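1. Sharing a model that was predicted from the sequence below.
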Amino acid sequence: MQFYYGSQMPLRVLDECEFWKEQEEEHTVVIRELVSDLESKYVETLKKWEVAFREAHQRVVRFIETTVRSNGSFSNALYRDLIQLIQYCLDQSQKFIHFCNGLIQESKAIKGNPTAIVVLKHIIRESEYFIGIAQTILYQNHL
């Protein structure tokens with residue numbers, strides 16, 4: 001992500017959150033479709049993750065709508081809420097990575113499916129990429 005957006009940086013960060021929460025939601029479906037014999041407890045957990053990512057995505061979209069209506073002017077309260085939302089999205093992605101790593105280690109269906117392992121590792125890297133973006137925003141105060 002580039003940091004030359006100046007005063008529009010908060011909207012750029014929200015764009016990233018919106019994109020990656022949608023990606024993670026889709027990843028839950030990819031895993032379920034790819035591993036047809038996945039244990040039911042993991043299928044059910046992935047369905048819960050799908051809902052959680054959809055809710056996070058909707059939350060980000062609502063926040064974008066709020067910021068657009070504020071004409072790009074960020075009050076201290078709006079900025080604080082933005083940082084909390086980014087932190088929430090980051091934490092969610094970290095937990096999903098932990099879950100995906102657990103799938104690779106614990107699921108017999110995945111252990112027996114080399115393609116699924118490659119796909120899961122790719123999914124993990126994508127969530128890690130989003131975390132890197134979110135951490136940059138949170139820890140370097142570029143907003």
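-> Received, thanks. Computed from a predicted model, the values in this text were never measured in an experiment.

2. Give me the below-cutoff pLDDT ranges for the chain.
-> Along the chain, segments meeting pLDDT under 70 span 1-10, 72, 140-143.

3. hey, where'd the helices end up in it?
-> Listed in chain order, the helices of the chain (DSSP state H) span 9-34, 40-69, 76-106, 108-111, 114-140.

4. how about CSV for those helices, with mean neighbour count added?
-> To be clear about C-beta, it is placed using only N, CA and C from the backbone, and glycine gets the same treatment. Listed next are the helices of the chain as CSV, based on neighbours: other Cβ atoms under 10 Å:
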stretch, mean neighbour count
helix 9-34, 19
helix 40-69, 15
helix 76-106, 16
helix 108-111, 16
helix 114-140, 16
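
5. what's near enough to touch the closest residue to residue 49 other than its chain neighbours?
-> Nearest non-adjacent residue to residue 49, counting by Cβ to Cβ, 6 or more residues apart in numbering: residue 28, 4.8 Å away. Neighbour list for residue 28: 46-47, 49-50, 53 [criterion: Cβ atoms under 8 Å, 6 or more residues apart in numbering].

6. The same query, at a cut-off of 6 Å, please.
-> Residue 28 is in contact with 46, 49-50, counting by Cβ atoms under 6 Å, 6 or more residues apart in numbering.
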